[in-house]
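Visitor: Would you be able to build a 3D model of this:
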Amino acid sequence: MKKLLLVLIIGFVVGTSVFADHNGLGIGIIGGWGWPGHSYGGLSLKVPKLPVFWGIYPTFAGLDFGIGATGDYYFIDKAIVGPLHWFLGVGGFLNAWFGENWANLGLGLRVPIGLSWHIIKPIELFLDFAPGIGVSFNAGGVWGPYWAGALELGLRFWM
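Guide: Numbering: from 1, shown residues only. Purely as a prediction, here's the structure:
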């Protein structure tokens with residue numbers, strides 16, 4: 001257990017150095033499809049000096065509406081060739097859903113893995129898959145754990 005903790009600490013310390021390419025304000029758009037069954041589009045945000053990539057978005061599933069947020073920490077963000085990078089991280093999600101006569105709150109953990117391409121220095125295109133696990137709360141009680149996942153495509157502008 002102590003060895004695992006030491007490896008994780010070293011990984012996080014070494015991992016923070018990868019934010020040299022992402023030390024300014026990053027803002028953009030993100031769209032995706034999430035499981036179980038919703039699509040979304042929204043805002044992608046990375047604030048200076050905080051190693052978390054945020055996603056804030058409305059979500060839609062048929063006639064139902066929701067609001068969601070994700071926060072991801074990339075502990076690996078490495079160049080493959082030139083401006084093409086791959087990343088792996090850990091994060092969380094929080095979703096609030098509203099139907100005609102019901103409301104639901106879901107939260108969980110996710111593991112984003114993907115590619116990012118700095119088309120030119122301030123413009124980044126990214127694609128990721130983020131499998132996860134979550135639980136839902138509503139008037140009927142707690143539902144879960146359940147498998148969750150998202151396939152996301154986004155474009156960020158770095159200042």
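
Visitor: So which residues of this protein form helices?
Guide: According to DSSP state H, the chain carries its helices in the segments 2-15.

Visitor: Any stretches of it with poor pLDDT?
Guide: Applying pLDDT under 70 to the chain flags the ranges 1-23, 36-37, 60-63.

Visitor: contacting residues around stretch 78-96?
Guide: Applying CB atoms under 8 Å, 6 or more residues apart in numbering, the external contacts of stretch 78-96 come out as 18, 21, 52-53, 59, 66-77, 103-119, 128, 130, 132, 134, 148, 150. The way it works is simple: take the backbone N, C-alpha and C, and place the C-beta from them, glycine included.

Visitor: For stretch 48-59, which residues meet the burial criterion?
Guide: For stretch 48-59, the neighbour count (16 or more other CB atoms under 10 Å) marks 51, 53-55, 57, 59 as buried.

Visitor: could you flag which of the contacts of stretch 78-96 are buried?
Guide: Of those, these count as buried by 16+ other CB under 10 Å: 18, 21, 53, 59, 66, 68-75, 77, 104, 106-108, 110-112, 114, 116, 118, 128, 130, 132, 134, 148, 150.

Visitor: Find the nearest non-adjacent residue to G89, please.
Guide: Setting aside the residues directly before and after it, G89 is nearest to Y74 in space (CB to CB, 6 or more residues apart in numbering), at 3.9 Å.

Visitor: That neighbour contacts K46, correct?
Guide: No: using CB atoms under 8 Å, Y74 is not in contact with K46; the gap is 10.0 Å.

Visitor: Which neighbours do these two have in common?
Guide: Contact criterion CB under 8 Å, 6+ apart; residues shared by Y74 and K46: F53.

Visitor: gap between N104 and I76?
Guide: Distance from N104 to I76, counting by CB to CB, to the nearest Å: 33 Å.

Visitor: Could you do S39 as well?
Guide: S39 sits 28 Å away from I76 when distances are taken as CB to CB.

Visitor: And F126, by the same measure?
Guide: For F126, the distance to I76 (CB to CB) stands at 14 Å.

Visitor: Among the buried ones among the contacts of stretch 78-96, which lie within strands?
Guide: Mapping those onto strands (DSSP state E) picks out 53, 59, 66, 68-75, 77, 104, 106-108, 110, 114, 116, 118, 128, 130, 132, 134, 148, 150.
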